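# A predicted structure for the sequence below; I have some questions about it.
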Amino acid sequence: MRAGLMALPVVFFAVFFAYPVAAITARGLGLSDGPGATGTGGGGFDPGRIAEVLGRPEILDVLWFTTWQALASTALTLLVALPGAYVLARFDFPGRKLLRAVVTVPFVLPTVVVGTAFLAVMGRRGLLDELWGVRLDTTVWAILLAHLFFNYAVVVRTVGGLWSQLDPRQEEAARVLGASRLGAFRRVTLPALTPAVAAAALMVFLFTYTSFGIVQILGGPAYTTLEAEVYRQTAQLLDLPTAAVLTLVQFAAVGAVLAVHARTVRRRETALKLVDPATTARRPRGAAQWTLLAAVLASITLLLLPLGVLVARSFGGPDGLLYYRALQDADASGGTFLVAPLTAVSTSLTYALAATAIAVLVGGLAAAALTRRAGRLVRGFDALLMLPLGVSAVTVGFGFLIALDEPPLDLRSSWWLVPLAQALVGVPFVVRTMLPVLRAVDVRLREAAAVLGASPWRAWREVDLPLVGRALLVAAGFAFAVSLGEFGATVFIARPDSPTLPVAVARLIGRPGDLNYGQAMALSTILMVVCAVSLLLLERVRVNRAGEL
């Protein structure tokens, strides 16, 4: 049964991830003919090339900065977001559902938009500069805060979802037996949360390790990540061999992180008693809980300040709607688009829905296959599912163009090319969202169903699905949100007459003029509203006895 569940995910990743990435890397290293194998990278593979590239002082500086800023960003995000995860999981207060949807919006914004929004707050003539004469752009703090802004929702929804399903009576029982509040949390709740915390930390680390747009805009020439360097070597210097070596370095680094994650988490996985999230949330009691709620609300308010800047700058003209009206006219952007920029809204929604369906199908099957403990082969497959989050989107985008150009995989003119690229990023979120809940289901429930004559399919439908139904819905929500905001690979494969919202925003930001910048802010605002409405609708869905991540 496990082999059958793994078949589709294995084929999907082999064809649409491993093959394109291997093709572009091989051409960069001179291992195959084609674009990039001559001129800058022809002449066959030279093993000394890897040592030469990694021996350059500027490359070593890039590797060092990429690693430590990712670790610092992950630690800062966990420090700020874990209290938010607890408050949104266990406190019941007016506006909680709306707030949970709103904090997810930053995660789907294109990184170029996030960088521009923070520049408007922290850069020259930005909000901080105007009020107090303080500038944080071109500093590490701007990068770390932008990463916190971007990844806050990952921790809140991944950890908070499982937290909301843990039976609070287990911790209360420990208190009755004499444990302190901190002791009960450390001995009962924390071990149960460890897989979810580790999964969230892993995703945050991978996103910050491959950070590109944020570093480009806020870091200036002094700070460069591996992702930014791969782009520079590929698009600006046309040095595919160096880009290929850096891609291999990313593979090795991400693989090592995934191996450590797998060993750490599997030692702590246990069956948990999961309950309906609606029964665990209560109104805050006591001064300490009300203070914690106020502190979390204050931190979220500050965190969302750049969104307010975006919205404010989207309004222009006498009636404030100049930029929104310009979105309906293809000529208003000065030839940037073949169609009206507003069509990017419907295009993005269509692509995102298709990508979500693919990601839920592939990721759901993979999560079901990984539910039970298994040997090294399955654990290796578990790690491979996360690689799309740690591989350069530039590499994936170019790989799609180079590898998927011949029958039977000639998809360059196909409508499905963009959803397939977006689904690659969505699948890891589906797997990491569903896996902690699936593994927390008591195996004795499945065994009881089997004893009563249920087939494996019926046992999954009658036992697992009711418990993880809401986790599946939230996984779909994450996949949809990620697909809406995917930019790195889509920018290379989206057709000029069918741009997605992030691609349209990036093109408008890259063009001079207040009108283009205002249209970019208007499209970003529309993207935020679409995402917030979608996630709010998801919050209203209720599935009996189901979990949420």
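Looks like it came in fine. These figures come from a predicted structure and were not determined experimentally.

# quick one: contacts for residue 85?
Taking Cβ atoms under 8 Å, 6 or more residues apart in numbering, we find residue 85 in contact with 155, 156, 157, 159, 160, 163. All C-beta atoms are positioned from the backbone trio N, CA, C, and that covers glycine.

# next, count neighbours for the residue nearest to residue 65 when sequence neighbours are not counted.
Spatially, and ignoring its direct neighbours in sequence, residue 65 is nearest to residue 223 (6.0 Å; Cβ to Cβ, 6 or more residues apart in numbering). Residues within reach of residue 223, counting by other Cβ atoms under 10 Å, total 21.

# OK, contacts around residue 223?
Residue 223 sits in contact with 65, 69, 138, 140, 143, 215, where contact means Cβ under 8 Å, 6+ apart.

# just give me the closest of the contacts of residue 85 to residue 19.
Closest to residue 19 out of those is residue 157 (31.8 Å), distances taken as Cβ to Cβ.

# which of the contacts of residue 85 lies closest to residue 48?
Distances from residue 48 to these, taken by Cβ to Cβ, are shortest for residue 155, at 42.8 Å.

# so that closest one sits right up against residue 199, yeah?
No. The pair residue 155 / residue 199 is not scored as a contact, 9.8 Å apart, by Cβ atoms under 8 Å.

# contact partners for the residue nearest to residue 91 when sequence neighbours are not counted?
Sequence neighbours aside, residue 284 is the residue nearest to residue 91 in space, at 5.3 Å (criterion: Cβ to Cβ, 6+ apart). Neighbour list for residue 284: 91, 93, 290, 292, 293 [criterion: Cβ under 8 Å, 6+ apart].

# among those residues, which lie within helices?
290, 292, 293 (DSSP state H).

# quick one: the second one from residue 82, how far?
Using Cβ to Cβ, to the nearest Å, we find residue 292 at a distance of 12 Å from residue 82.

# cool, the last one as well?
Relative to residue 82, residue 293 is positioned 15 Å away (criterion: Cβ to Cβ).

# that older thread, and the contacts of residue 85 as a markdown table, adding secondary structure, neighbour count and distance to residue 508?
Putting the contacts of residue 85 into a markdown table (DSSP: H, G, I helix; E, B strand; the rest coil; neighbours: other Cβ atoms under 10 Å; distance: Cβ to Cβ, whole Å) gives the following:
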| residue | secondary structure | neighbour count | distance to residue 508 |
| --- | --- | --- | --- |
| 155 | helix | 27 | 31 |
| 156 | helix | 28 | 30 |
| 157 | helix | 29 | 30 |
| 159 | helix | 29 | 36 |
| 160 | helix | 28 | 35 |
| 163 | helix | 25 | 40 |
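
# and those as JSON lines, adding distance to residue 18 and pLDDT?
Shown next, in JSON lines, are the contacts of residue 85 (distance: Cβ to Cβ, whole Å; pLDDT from 0 to 100):
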{"residue": "155", "distance to residue 18": "29", "pLDDT": "91"}
{"residue": "156", "distance to residue 18": "32", "pLDDT": "89"}
{"residue": "157", "distance to residue 18": "29", "pLDDT": "81"}
{"residue": "159", "distance to residue 18": "31", "pLDDT": "88"}
{"residue": "160", "distance to residue 18": "33", "pLDDT": "84"}
{"residue": "163", "distance to residue 18": "35", "pLDDT": "84"}
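
# mind checking which helix or strand of the protein has the lowest mean pLDDT?
helix 376-384 (a mean of 69; mean pLDDT, DSSP states H and E).

# what's around residue 56, how many residues?
Residue 56: 11 neighbours (other Cβ under 10 Å).

# hmm, I was thinking of residue 298
Residue 298: 10 surrounding residues under other Cβ under 10 Å.

# same deal with the one 10 residues further on?
Other residues near residue 308 number 13, with proximity taken as other Cβ under 10 Å.

# check residue 126 too.
18.

# ok, residue 63 next?
16.

# hang on, isn't it packed against residue 225?
No. Between residue 63 and residue 225 there is no contact under Cβ under 8 Å: 9.5 Å.

# so residue 166 bridges to which residues?
Listed by DSSP bridges, the beta-bridge partners for residue 166 are residue 274.

# tell me the first helix or strand C-terminal of the helix or strand harbouring residue 195.
For residue 195, the enclosing helix or strand under DSSP states H and E is helix 190-209. Following helix 190-209 in sequence order, the next helix or strand is helix 213-214 (DSSP H and E).

# list of residues touching that next one?
With Cβ under 8 Å, 6+ apart, helix 213-214 has contacts from 110, 111, 112, 114, 115, 118, 143, 146, 147, 150, 487.

# separation between the third one and residue 167?
Note on residue 112: its distance to residue 167, by Cβ to Cβ, is 43 Å.

# more neighbours, the two?
Neighbour count, other Cβ under 10 Å: between residue 112 and residue 167, residue 112 has more, with 22 against 16.

# give me the neighbour count for residue 513.
Around residue 513 there are 11 residues (other Cβ under 10 Å).

# which residues touch the spatially most central residue of the chain?
Central residue of the chain (Cα atoms, centre = their mean): residue 482, 5.9 Å from the mean position. Under the criterion of Cβ under 8 Å, 6+ apart, the neighbours of residue 482 are 107, 108, 422, 425, 426, 429.

# tell me where the model's unsure across the stretch 351-500 of the chain.
Applying pLDDT under 70 to the stretch 351-500 of the chain flags the ranges 372-380, 390, 442.

# which stretch of helix or strand covers residue 358?
Going by DSSP H and E, residue 358 is in helix 343-369.

# give the buried residues for that helix.
343-345, 347-349, 351-352, 354-369 (16 or more other Cβ atoms under 10 Å).

# helices or strands up against that helix?
Contact analysis of helix 343-369 by 3 or more Cβ pairs under 8 Å, 6 or more residues apart in numbering; DSSP states H and E lists helix 2-13, helix 376-384, helix 417-440, helix 465-485, helix 501-509, helix 514-540 as its packing neighbours.
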